[in-house]
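[1] I'd like to go over a predicted model; first the sequence, then the structure.
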Amino acid sequence: METPMGESPASRAVGGLAVVAVAAAMSGCGLRRQLAGLDATQKVVWQSPPSDPEVLRVLNRISFGPWPGDLIAAANMGVSGYIEEQLAAKSPQDRAVSWRVNGLDVQQDVHDSPDILSSLPDDQLLTEVQQVQLLRAVYSTHQLNEVMSDFWENHFNIYALKNAARQRIPIEMETAIRPHLLGSFEEMLIAVAHSPAMLAYLDNNHNEAGNMDRVNENYARELLELHTLGVHSGYTQIDIHQVARCLTGWTVAGGFRQWQFEFKPSWHDDGSKFIPFLDLHLSPGGGVRDGEAVLHRLARHPATAQHLAEELCMKFMGVVQPEVVNAASRAYLRSNTSISEMLRPILLDGLARKERCRPIFKRPLDLLVSSLRVGAADTDGATGVQNQLNTMGQPLFQWPMPDGYPESAAAWKTTLLPRWNFASALAGGEVDGTTWKLDDCLKALPGAGMHDVVDHLAEAVCGHPSASPSMKPLVMTLRDHADSASRSGLSHEHVVSEVAALLIASPMYQWK
Amino acid sequence: MSIDKPTRRQLLSGAILSVLLGASAVDSFASLRHVIIKSEPKQDEQNALVVLFLRGGADGLNIIAPYGDENYYRLRPTLGIAAPTSSKTPTGSRLLDLDGFFGMHPAMAPLLPLYHQGTFLPIHAVGSNDHTLSHFQAMAAMERGLAEDAGDVASGWLARYLNESGSDGRSPLRAVALSDTLPDSLRGTSGAVALTRLSQFELKSPTGAGGTQHHPNDRSEAMAQTLQLLYSQSGSGMEHRTEDLSAVSEATLRAMKAVQQLDPDHYRPAAGVEYPTSGLSLALKQAACMVKGEVGLEVACINVEGWDTHVAQGGDTGWQASRLTDLSSSLAAFMNDLGDKAARVTVVIMTEFGRRAYQNTGLGTDHGRASVMMLLGGGVCGGRVLTKWPGLAAHQLVGPGNLHVTTDYRDVLAEVLARRMHAENATALFPGLHPKAVGAIKTANPAATA
């Protein structure tokens, strides 16, 4: 199914039901914004969530969490229909979000004049590369694209604070990662292997043939271990060394072309090579074709299919399910390494089936973005929210090791306090550059009693009807809290803030 | 696992040798096999273990350099650091002589006084049995206290120690990761907390600031109470959620109360002590605050990043030197700040593996096998380099040119746990370990020293 540019699947599906885009009267805003013609604030109409908890699980994982109205819209479409529509939205361009990010200096430079990126101040670069990711995650209607963007960003992790990586990350994301989010893994792998950000991060820009085969193995090792085959696939140090020889001379151009790939024939080890694990013989004199042959073989190796399928099962199902992994790897190998074909069984036969899924603990990014979305936040994605991510332990592009931020609950669940404080800051309006509109959901209830207010907020945040048995203990506890807060003289507005904060801080909301 | 009961003779020989090792430590503990380490009797005051993990595989060969091994300069013509006696090199760029064979990186000068006092002990050619040379495999094994490959052991070695020693009546701040996330070594600890700044370890309410540490406002208190209720409702909407957050929540709330009493806002290091400005120093300062505040800290874990030196590693100056400057000056400040309490603290500095013996074409070093492990603090048999040196000649290296592991890192950890932390059966905490005495820690055990 093709999605016409500019018509986002969600808004089409939702129609006039839940989310109404209201053009805002803007004055003095940038030319780019006016041109986009989509400068809108989304007015939110709040509705009770559907009683089907399946929809919530699917939306929590296929997206960064439901925007008000999304649950009803997805329920009306049916889970499968919603998944298919997200899978079909392959274009990473989304007008719901492009006007928010296109005006940033890094985005302008990356398209118009990448040589200027190196002249931007370091702080600005670090803020803006995160800002682009965050704004897209919060506002894109092609949510699966953004979930995958985050997934690939971590799969091909680059540490922004190493060398000049922050100048190169925008190019990496725009030209190597984002064009292939749901497309061909082989094309993405090849693009990443040519990206200065990756070559410099994993030191292949220093991989020069020299005496006694003392080449630089860093990129070759992580290419096999993390990017493709996986560490348990059975390759050995010999394979790593041979792959490193194939990649000698793959480097970053010098001087003002430092955002470009360069193959230096004089650095290349042009002897014959044999990579036992790939059963790949390369004759002398292959030049840049040596590395290309390796990448081609790696992308199509069954171990790579297995490795990627397992990672994606964990991402969407919370568990590695052999049957689904096998189906996904077969689909990937059959389809010339198509990512969307690999995802289809994982989402439709895995994620969509409750008995095949396990709970997933939200990483700080998931918690932050889902709570911004659930409260229809207006955020600039800049230092205010970034400081919160930092405190919670997940500043974007700042995981030093090449394996990317962990997904496991064990890694994250010990640090609850920064999450609780984030919840308070968000509900208390203390996150700079961010306005949360959760309490708008109460406007339909003028003069409602405190218990109704609590019930309504709980439904809005948790996505379950407040009368459902799973919600009962939470709702009762929060009603008590609200009662006692009111009795202690707290204003109505402040009680609402506390209840909202407690909902975001609640154990239920830490899971998806 | 069954371990033969040691004879008195074995215990004796182990203990005596460990005392006599001295400067001639090279090759001296080959004969010490299967010696059981006896636990030291428990003291009243709580000993603390501070574990620094150098992430990325620190190059032990340039941290404690074997300048007396003729192959060192052959393998590292550019990266090798000049011998202490080298007349061609200015003094500040030469290795700091330790024993006539090993020299310490010049950036580590702040630790030299501790070496001479006998409270700093480098142990060389230490490592695991991991042959993948993958950071993640090697770290997974090491943090779980295994020889190699994590297999299905999920818990960390520190978690097993802490859980074994019981949690009744223990401090809510007994196990603290001074980082954003919990390291795998503490995985499975009941009541471990992760924090980066004690002074920010307080709950804020949305209706204004959380008050000061001493006077948390009523709203924070009310929020904390409700959170406690919410997190204790097991199964509240959690469906089949296997991970139980209630223990974490309870630990967090208890730790918050303990931190309030500690008053970290007003912590001042000892007179004359200046911590450098770095993440490591910040973490060590939090640890010092907890040790000196006697809040019952048993284990603190700190990550130190930046050791994966594939390129432009530098020699006496450069990248690795800058990491070592931070490491050494931060640790020196920490030990000085502790003052008398340093006698109760043991610092363990470990890394997932060492690096290739030879430099690569990018003037860095690739992943290797053995590295150096370092201990600091009271009770450490320091002032010497403890090693069974495997040598750097081509036939002595393993794989593509890696330093052979002659000491199992777990033997060092087991000894630290037994002799400094009073672990009842330290070797049992490391599955599959066939213990060998290392002699890294002094023993006051009369049966052993008699």
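    Ah, there it is.
[2] Going by C-alpha atoms from here, please, whenever you check contacts or count neighbours.
    Noted.
[3] quick one: contacts for B:G368?
    B:G368 is in contact with B:133, B:353-357, B:401-403, counting by Cα atoms under 8 Å, 6 or more residues apart in numbering or on different chains.
[4] What residues of the helix with the most length in chain B count as buried?
    The single longest helix within chain B, with elements called by DSSP state H, is helix B:319-338. Using 16 or more other Cα atoms under 10 Å in any protein chain shown as the test for burial, helix B:319-338 gives B:319-338.
[5] what does stretch B:397-409 give?
    B:397-398, B:400-409.
[6] Please, where are all the strands along the stretch 251-400 of chain B?
    B:299-304, B:345-351, B:371-377, B:386-387 (DSSP state E, counting those that start in this stretch).
[7] Please produce a markdown table containing those, extended by mean neighbour count, distance to A:P400 and mean pLDDT.
    Output for the strands of the stretch 251-400 of chain B, formatted as a markdown table (neighbours: other Cα atoms under 10 Å in any protein chain shown; distance: least, Cα to Cα, whole Å; pLDDT from 0 to 100):
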| stretch | mean neighbour count | distance to A:P400 | mean pLDDT |
| --- | --- | --- | --- |
| strand B:299-304 | 24 | 11 | 97 |
| strand B:345-351 | 24 | 15 | 98 |
| strand B:371-377 | 27 | 21 | 97 |
| strand B:386-387 | 26 | 31 | 97 |
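[8] what's the closest of these to chain A?
    Closest of those to chain A is strand B:299-304, at 10.8 Å (criterion: Cα to the nearest Cα).
[9] and that closest one, which strands flank it?
    Neighbouring strands of strand B:299-304 in its sheet, by DSSP bridges, are strand B:48-54 (parallel), strand B:175-177 (parallel).
[10] Now the shortest one: average pLDDT?
    Pointing back at strand B:175-177 there. Across strand B:175-177, pLDDT averages out at 95.
[11] same question, stretch A:180-197
    Per-region confidence: stretch A:180-197 scores 97 on mean pLDDT.
[12] first to last residue in it, what's the distance?
    Start-to-end span of stretch A:180-197 (Cα to Cα, to the nearest Å) is 17 Å.
[13] which residues touch that stretch?
    For stretch A:180-197, the surrounding residues in contact (Cα under 8 Å, 6+ apart) are A:87, A:90, A:92, A:145, A:148-149, A:152, A:156, A:158, A:165, A:168-169, A:171-172, A:175-177, A:179, A:198-199, A:227, A:250-252, A:258-261, A:292, A:295-296, A:299-300, A:336-340.
[14] List only those of those residues flagged as buried.
    A:87, A:90, A:92, A:145, A:148-149, A:152, A:156, A:158, A:165, A:168-169, A:171-172, A:175-177, A:179, A:198-199, A:227, A:250-252, A:258-261, A:292, A:295, A:299-300, A:337-340.
[15] how about the CA coordinates for stretch A:411-423, as CSV?
    The C-alpha trace of stretch A:411-423 is given here as CSV (Å, rounded to 0.1, in the frame of the first residue of the first chain):
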residue,chain,number,x,y,z
ALA,A,411,19.8,-2.5,33.1
TRP,A,412,17.3,0.2,33.8
LYS,A,413,15.0,-0.8,36.6
THR,A,414,17.3,0.2,39.5
THR,A,415,17.1,3.8,38.7
LEU,A,416,13.5,4.8,39.5
LEU,A,417,14.1,8.1,41.3
PRO,A,418,15.1,10.1,38.2
ARG,A,419,12.0,8.7,36.5
TRP,A,420,9.8,9.9,39.4
ASN,A,421,11.5,13.3,39.4
PHE,A,422,10.9,13.5,35.6
ALA,A,423,7.2,12.8,36.2
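[16] What mean pLDDT does that stretch get?
    92.
[17] quick one: contacts of that stretch?
    Applying Cα under 8 Å, 6+ apart, the external contacts of stretch A:411-423 come out as A:361, A:363-364, A:388, A:391-392, A:500-502, A:504-505, B:180-184, B:192-195, B:201-206, B:245, B:248-249, B:252.
[18] Try it again at 7 Å.
    Stretch A:411-423 is contacted from outside by A:363, A:388, A:391-392, A:501, A:504-505, B:181-182, B:193-194, B:203-204, B:248-249, B:252, using Cα atoms under 7 Å, 6 or more residues apart in numbering or on different chains.
[19] Among these, show me the least confident.
    Out of the contacts of stretch A:411-423, that is B:T181, at 82.
[20] What does the pLDDT read for A:D440?
    pLDDT for A:D440: 84.
[21] Next, count neighbours for it.
    16 (other Cα atoms under 10 Å in any protein chain shown).
[22] how close does it get to B:G56?
    Counting by Cα to Cα - A:D440 and B:G56 are separated by 48 Å.
[23] One more: B:A393?
    Counting by Cα to Cα - B:A393 and B:G56 are separated by 25 Å.
[24] Over to A:I83?
    For A:I83, the distance to B:G56 equals 40 Å [Cα to Cα].
[25] more neighbours, those two?
    B:G56 (26 against 22).
[26] In this structure that one contacts B:F136, no?
    No - counting by Cα atoms under 7 Å, B:G56 does not reach B:F136; the two are 9.3 Å apart.
[27] Could you tell me which residues of the stretch 351-450 of chain B lie near chain A?
    By Cα under 7 Å from any Cα of the partner chain, the residues of the stretch 351-450 of chain B that approach chain A are B:360-362, B:366.
[28] Tell me what angle the longest helix of chain B forms with strand B:371-377.
    20 degrees (axes from the mean of the first three to the mean of the last three Cα atoms, to 10 degrees).
[29] Packing partners of helix B:319-338?
    helix B:279-292 (3 or more Cα pairs under 7 Å, 6 or more residues apart in numbering or on different chains; DSSP states H and E).
[30] Extract the residue ranges of the stretch 201-350 of chain A that are flagged as low pLDDT.
    For the stretch 201-350 of chain A, the stretches with pLDDT under 70 are A:211-213.
[31] Can you get me a residue count around B:P90?
    If you count neighbours by other Cα under 10 Å, B:P90 ends up with 10.
[32] Give me the pLDDT for it.
    93.
[33] again, but for A:G103
    pLDDT, A:G103: 89.
[34] quick one: which helix or strand includes it?
    Remark: A:G103 resides in no helix or strand, with elements defined by DSSP states H and E.
[35] can you list the buried residues of stretch B:397-409 in TSV and add pLDDT and secondary structure?
    Output for the buried residues of stretch B:397-409, formatted as TSV (pLDDT from 0 to 100; DSSP: H, G, I helix; E, B strand; the rest coil):
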residue	pLDDT	secondary structure
B:L397	96	coil
B:V398	94	strand
B:P400	89	coil
B:G401	94	coil
B:N402	96	strand
B:L403	98	coil
B:H404	97	coil
B:V405	98	coil
B:T406	97	coil
B:T407	97	strand
B:D408	97	strand
B:Y409	98	helix
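[36] Spell out which residues sit in contact with the closest residue in space to A:Y201 that isn't next to it in sequence, please.
    Distance criterion Cα to Cα, 6 or more residues apart in numbering or on different chains; nearest residue to A:Y201, sequence neighbours excluded, is A:I158 at 6.3 Å. Contacts for A:I158 (Cα under 7 Å, 6+ apart) come out as A:198, A:201, A:397, A:402.
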